[in-house]
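**Student:** no sequence for this one, just the structure:
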């Protein structure tokens, strides 16, 4: 009987392996498609501007030089090292190299997520469903070229080191954590969350020691506490010292809710972010169903996952952080549930997997959409700045023709433009031009200044206060917006440019009245879709001035 069973088993194994390999390759293809976003994120120009300024001055800027609005001093820029790295790569190797860097960091993140799960004893079949379900939310923050991708590598690496230390008891893994935080603190502000992760593992070790449950092979709470102290101490080795930490705390306590990333889930839903919210709730519900099985053996994972879920509920920008932690911790909880008593296993297991259906659908759908868009754009390495609607609408549309119009006519002075695209305008017009609020927002602009700016952009009844308090020479605003309509009726301002997306208003008594020449015929002399000028970008492409060849404006 055993002899008959043996061939059957051996014939099944190759099919199982082949099926597993096919499933893995299919999942890998979906993940690759998800990260092919080649639109330049508006924040990218903030990084490039800072890097260009620091490299040209051979020193970190201590005061803001880009805005004509009042700003906080000193200027504490959390991402200073990564910004310089981005600029140097862009300057010497081109925008394609930034895309390559992004893909390499994504690949490293996936490897670290898998190693963390393997360290926790999770097989691939439990890891893949949660990775795919989390990927859509992770990609919301890190699919474009953004500095956040560094933290999405550092965080799983930190968790991998803590889990390895817990499992093996080797202090070498703990010794690698302080150097990681030294790099992290000079790269991105989320190192502060990394310190909270350290606190969770240290607190769990102390609690286990008091309960007499400490593994004899473990390093013990003393080593964990020493590691936590060392990680916190090395974060002070930065150009700003303690000011870096106090600035991050102030930033967290005073988020700018006019910025979509700082909105709550409920407010985001009312403004159209339904898919993100539904995927978040599906993943969170699955985590809630599985969480009772983490109370005994995975208290750090439970605390970290629950904490990031609350952060994601309060602020839209943190749902990607929650999804990343879910990809690390939830597979083990699912594995533990599958081993539990059948009476408890079936309903909870089915409900937890059903909750993943919509997040999985979001990942699959967005991967296909991302791949189709990238194919239509022609390259997975290009960084583009779309400025026209094209065949399909895009979420980010840059005012490239409007900025080209100003540059070609020698505009100098203060330009008010939406904070999303202010850094983009500065990338091509600075130093001849300074803008109002930009993507640094709550990091550098006082709260009252932010309120005045957003009241103006939104066309609130007190919209004129902004123009009285902060002298502005030109305004670049969305065509058809409430503020645009009110500016049209203001006798002190003249419309000098208009396209389907953006309109430029000029103060009538401005010193560069030559821009008013085309008032009667706005189309005369304006750049066309194929307009090309030295040191200015082609439409729908990322390019820019170098240090050796600054922008030459004027005709």
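**Tutor:** Arrived safely. Since the model is a prediction, treat every value here as computed from it, not as a measurement.
**Student:** does residue 449 belong to a helix, a strand or coil?
**Tutor:** At residue 449 the chain is in helix, as set by DSSP: H, G, I helix; E, B strand; the rest coil.
**Student:** over to the one 3 residues further on?
**Tutor:** At residue 452, secondary structure determined by three-state DSSP is helix.
**Student:** OK, contacts around the nearest residue to it once chain neighbours are set aside?
**Tutor:** Among residues not flanking residue 452 along the chain, residue 466 sits closest, at 4.7 Å (C-beta to C-beta, 6 or more residues apart in numbering). For the C-beta atoms, the positions are set from N, CA and C on the backbone; glycine is no exception. Neighbouring residues of residue 466 by C-beta atoms under 8 Å, 6 or more residues apart in numbering: 416, 452, 453, 455, 456, 472.
**Student:** in terms of helices and strands, where is residue 466?
**Tutor:** If you go by DSSP states H and E, residue 466 is part of helix 464-469.
**Student:** farthest pair in the contacts of residue 466?
**Tutor:** 455 and 472 (14.1 Å; C-beta to C-beta).
**Student:** so between these two, which is more surrounded?
**Tutor:** Neighbour count, other C-beta atoms under 10 Å: between residue 455 and residue 472, residue 472 has more, with 22 against 18.
**Student:** return the distance of that one relative to residue 184.
**Tutor:** 39 Å (C-beta to C-beta, to the nearest Å).
**Student:** kindly report the same for residue 22.
**Tutor:** Going from residue 22 to residue 184 by C-beta to C-beta gives 37 Å.
**Student:** hmm, back to that, partner strands of the following helix or strand past the helix holding residue 466, parallel or antiparallel?
**Tutor:** Remark: after helix 464-469, the chain's next helix or strand is strand 474-478, criterion DSSP H and E. Using DSSP bridges, strand 474-478 pairs in its sheet with strand 413-417 (parallel), strand 502-507 (antiparallel).
**Student:** that older thread, can you tell me which of the contacts of residue 466 is nearest residue 299?
**Tutor:** residue 453 (44.4 Å).
**Student:** so the closest one touches residue 422, yeah?
**Tutor:** No. With contact defined as C-beta atoms under 8 Å, residue 453 does not count as touching residue 422 (10.1 Å).
**Student:** joint contacts of those two?
**Tutor:** 436, 437.
**Student:** quick one, which of those two is more surrounded?
**Tutor:** Under the criterion of other C-beta under 10 Å, the comparison of residue 453 against residue 422 puts residue 422 first, with 27 against 21.
**Student:** that's a helix at that one, yeah?
**Tutor:** Yes. Counting by three-state DSSP, residue 422 is located in a helix.
**Student:** am I right that it is in contact with residue 435?
**Tutor:** Yes. At 4.2 Å, residue 422 counts as touching residue 435 under the criterion of C-beta under 8 Å.
**Student:** now the common contact residues for the two.
**Tutor:** Listed contacts common to residue 422 and residue 435 are nil; contacts here mean C-beta under 8 Å, 6+ apart.
**Student:** thinking again about what came up before, and the contacts of residue 466, which is closest to residue 441?
**Tutor:** In terms of C-beta to C-beta, no member of these lies closer to residue 441 than residue 453, at 9.3 Å.
**Student:** for the nearest residue to the closest one once chain neighbours are set aside, which three-state class applies?
**Tutor:** In this structure, residue 453 finds its nearest non-sequential neighbour in residue 437, 4.5 Å apart by C-beta to C-beta, 6+ apart. Recorded secondary structure, residue 437: coil (three-state DSSP).
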